[in-house]
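Visitor: my questions are about this predicted structure, shown below with the sequence.
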Amino acid sequence: MSIEVSLDEVVEELGFVDDEFNVFLNKVTSELVGLANEHLRLAEDMEGPEDLEGCPDWQKDVIAEAIAVQFSGEFVKLPTKYDIHEY
């Protein structure tokens, strides 16, 4: 199964990658998702939907996306700045 992704979109998203931010590719929808490491760590600590109740609405959406990235098996992490060299 092959997926089509705009190279321009990938390059644009990779411009945001740093020590605290990663980009993931959804293998099913070809969607690129950028997430901060903080949100990925919060998602790891969640035991269920009830853990999201104390979070602000904007953070609920981000953490729900982080949970999907970590546990659905549909996402692939794109290279970090350490994997890509300018030369």
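Guide: Received the coordinates, thanks.

Visitor: just the buried residues of stretch 29-38, please?
Guide: For stretch 29-38, the neighbour count (16 or more other Cβ atoms under 10 Å) marks 32-33, 35 as buried. In this view, the C-beta of every residue, glycine as well, is placed from N, C-alpha and C.

Visitor: now intersect the residues you listed with the strands, please.
Guide: 32-33, 35 (DSSP state E).

Visitor: could you dump those to JSON lines with pLDDT and distance to Ser72?
Guide: As requested, these are exported to JSON lines (pLDDT from 0 to 100; distance: Cβ to Cβ, whole Å):
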{"residue": "Leu32", "pLDDT": "91", "distance to Ser72": "15"}
{"residue": "Val33", "pLDDT": "91", "distance to Ser72": "11"}
{"residue": "Leu35", "pLDDT": "91", "distance to Ser72": "13"}
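
Visitor: ok, of these, which one's closest to Asp19?
Guide: The shortest separation between Asp19 and any of these is 13.4 Å, and it belongs to Leu35 (by Cβ to Cβ).

Visitor: please name the nearest non-neighbouring residue to that closest one.
Guide: Spatial nearest neighbour of Leu35, chain neighbours left out: Ala66 (5.3 Å); criterion: Cβ to Cβ, 6 or more residues apart in numbering.

Visitor: all strands for the chain, in order.
Guide: Taking DSSP E as the criterion, the chain contains strands spanning 21-26, 32-36, 75-77.

Visitor: avg pLDDT for stretch 42-55?
Guide: Stretch 42-55 carries an average pLDDT of 76.

Visitor: what's the closest of the strands of the chain to Trp58?
Guide: strand 32-36 (12.7 Å).

Visitor: quick one on the thing from earlier: nearest to Pro56, out of the strands of the chain?
Guide: Between Pro56 and the strands of the chain, the shortest separation by Cβ to Cβ is 14.8 Å, and it involves strand 32-36.
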